[in-house]
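Novice: Give me the fold of what follows.
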Amino acid sequence: MFINKSKINDTKILCTPILGIGIFFMAIWIFALSFAVARYIEGKDKLSSIMMFIALMVITSAAIIIPALKLRLCGLATKFSGIFENDADGIVALSYVSKVFGQSQSKLIKTFDKLLRKGYLKNCTLGEQYGEPAFFLSNGAKSIDERFKVVKCQHCGAFSEIKVGFTQACPSCGGPLESREKTYDVYLKSVGPRMVLVLKAVRDVTGLGLKEALDLVKAAPFTIKSGVSHEEAIKIEKCFHAAGATVEIRNT
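Specialist: I've put the predicted structure just below:
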């Protein structure tokens with residue numbers, strides 16, 4: 001929810017091989033430089049050979065430093081996201097994150113701003129709560145209806161508006177309020193006698209090709225789809241029951 005996965009993946013795909021190639025050639029230039037120095041000491045080589053290998057090392061160092069820095073940004077963004085994902089109410093104190101990172105708050109703010117500016121992080125901003133700096137998290141929704149939800153307290157029955165995807169205490173009784181909707185896995189227990197119909201149902205639900213779906217059906221039992229709403233799980237269950245299969249809806 002808080003990292004730009006496409007940005008992270010593209011950076012890793014591009015920078016990892018460049019970094020590996022850079023390290024490989026750097027090792028070659030270091031070996032060649034040491035050989036050239038030895039020959040120069042023996043009077044068998046010119047100083048220009050040494051300078052050439054030093055220049056090659058400087059150029060190659062850019063192919064190591066630049067991708068290494070970009071990969072470091074990916075790691076920092078992932079670490080920020082890990083902290084934010086474990087938050088319940090959508091507000092994380094800067095002082096807490098500073099302790100986790102082991103960095104001063106001023107340095108951490110600069111790091112966060114850089115990650116946000118370069119597109120590695122999303123759905124998070126830096127602000128203040130009660131005069132203290134804090135990170136404010138959102139679920140990425142654009143409209144008010146998607147950002148907030150009215151829920152009923154299971155303890156006192158009072159209704160409260162809270163951020164979608166987060167939890168908070170009930171203003172009336174202090175009990176926990178949960179806006180996260182429960183999700184379910186749909187599990188295929190047995191195919192039944194009408195394998196062709198089940199195969200079609202698997203393709204319709206998962207979007208898999210014929211070969212992939214067939215391999216999946218032959219490998220039954222398996223999870224057809226995971227992390228779906230109860231309404232969608234019921235629809236999938238009916239679809240497979242009509243095909244003669246036995247399915248089970250499981251809580252995630």
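
Novice: From here on, just use CA atoms for contacts and neighbour counts.
Specialist: Will do.

Novice: what mean pLDDT would you report for stretch 98-111?
Specialist: The average pLDDT within stretch 98-111 is 92.

Novice: what's it in contact with?
Specialist: Contacts to stretch 98-111, defined as C-alpha atoms under 8 Å, 6 or more residues apart in numbering, come from residues 94-95.

Novice: Quick one: end-to-end length of that stretch, please.
Specialist: Stretch 98-111 has an end-to-end distance of 11 Å (criterion: C-alpha to C-alpha, to the nearest Å).

Novice: who does the helix or strand that residue 211 is a member of touch, helix- and strand-wise?
Specialist: Assessed by DSSP states H and E, residue 211 sits inside helix 210-218. With contacts defined as 3 or more C-alpha pairs under 8 Å, 6 or more residues apart in numbering; DSSP states H and E, the packing partners of helix 210-218 are helix 195-206.

Novice: Need the contact partners of the helix it packs on.
Specialist: By C-alpha under 8 Å, 6+ apart, helix 195-206 touches 191, 208-210, 213-214, 217, 224-225, 236, 239-240, 243-245.

Novice: among the residues you listed, which one has the lowest pLDDT?
Specialist: Among the contacts of helix 195-206, residue 208 has the lowest pLDDT, at 82.

Novice: since we're on the closest residue to that one other than its chain neighbours, how many residues are nearby?
Specialist: In this structure, residue 208 finds its nearest non-sequential neighbour in residue 202, 7.6 Å apart by C-alpha to C-alpha, 6 or more residues apart in numbering. Residues lying near residue 202 (other C-alpha atoms under 10 Å) number 25.

Novice: Residue 33 too?
Specialist: The local packing of residue 33 (other C-alpha under 10 Å) involves 20 other residues.

Novice: any idea which helix or strand carries it?
Specialist: helix 5-41.

Novice: Return the set of buried residues in that helix.
Specialist: For helix 5-41, the neighbour count (16 or more other C-alpha atoms under 10 Å) marks 8, 11-12, 15-16, 18-19, 22-23, 25-26, 29, 32-33, 36-37, 39-40 as buried.

Novice: Report the residue ranges of every domain in the protein.
Specialist: 5-128, 144-178, 184-251 (automatic domain parsing).

Novice: Quick one: residues contacting residue 210.
Specialist: Per C-alpha under 8 Å, 6+ apart, neighbours of residue 210: residue 203.

Novice: strands paired with the strand or helix carrying residue 225, and their directions?
Specialist: Using DSSP H and E, residue 225 sits within strand 222-228. Next to strand 222-228 in the sheet, as set by DSSP bridges, lie strand 184-190 (antiparallel).

Novice: in the strand it pairs with, what's buried?
Specialist: For strand 184-190, by 16+ other C-alpha under 10 Å, it's 184-188, 190.
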